[in-house]
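Engineer: I need the structure of the sequence given here:
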Amino acid sequence: MPRLRALSKTEAGNEAQPLLAAVEKKLGTVPNLMRTMANSPAVLEAYLGFSGTLAKGALGTKLREQIALAVGESNDCRYCLAAHTALGRMAGLNDEQIRDSRRGRSPDRKTEAALAFARKVVAERGSVSDADVDALRAAGFNDGDVAEIVANVALNLFTNYFNHVAGTEIDFPEAESLPCERACAC
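Structural biologist: This next block holds a predicted model:
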């Protein structure tokens, strides 16, 4: 059950209404995440600005979606997993790539390095080692790319935590649960 209300366009204040209208124009709908962020136009504007600016960066749409899936899985954010499964498909990811991304894997060495690093940033709360950054460089990422990977992790941590606190109602098809890969009876 939601803790924070998802506002309709008419319930949103004057500052949030044009932001929601722009989202609707771009996506054809306004996801509950943004409708809930509209309770604070500053939060909605910050999210849209951060997300929009990163979309203009060096990392491609597929990799940004894969990072979102890896971070969402690390934080068990059901809303973000549902949203980024749908957005990942729109970006060209297939079901296997989506599952692999959630686990921090890829058959592509460069993508796998980025996903492993993103998961490490989450797990270690940013306290990664020189070897972790060197592994990204060895995979072909430059310092700007590393900065963008960290920024994409941060953006997704924000939405994961926001959804956990808000109890955002999922308005995308729910992402399937991943089967356990451990040798146990779970």
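Engineer: domain parsing of this structure, as residue ranges.
Structural biologist: 1-56, 60-166 (automatic domain parsing).
Engineer: comparing these, which comes out most buried?
Structural biologist: domain 60-166 (a mean of 18; mean count of other Cβ atoms under 10 Å). No exception for glycine: its C-beta is placed from N, CA and C like everyone else's.
Engineer: now that domain: average pLDDT?
Structural biologist: Average pLDDT, domain 60-166: 97.
Engineer: of the domains of the chain, which is nearest Pro179?
Structural biologist: domain 60-166 (9.2 Å; Cβ to Cβ).
Engineer: return the distance of that closest one from the chain's centre.
Structural biologist: Chain-centre distance of domain 60-166: 7 Å, with Cα atoms, centre = their mean, to the nearest Å.
Engineer: one step back: distance to Glu174 added to the domains of the chain, as JSON lines?
Structural biologist: Listed next are the domains of the chain as JSON lines, based on distance: least, Cβ to Cβ, whole Å:
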{"stretch": "domain 1-56", "distance to Glu174": "13"}
{"stretch": "domain 60-166", "distance to Glu174": "5"}
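Engineer: tell me, what residue is most central in this structure?
Structural biologist: Ala68 (3.0 Å; Cα atoms, centre = their mean).
Engineer: so that one makes contact with Phe158?
Structural biologist: No: Ala68 is beyond contact range of Phe158, at 11.3 Å (criterion: Cβ atoms under 8 Å).
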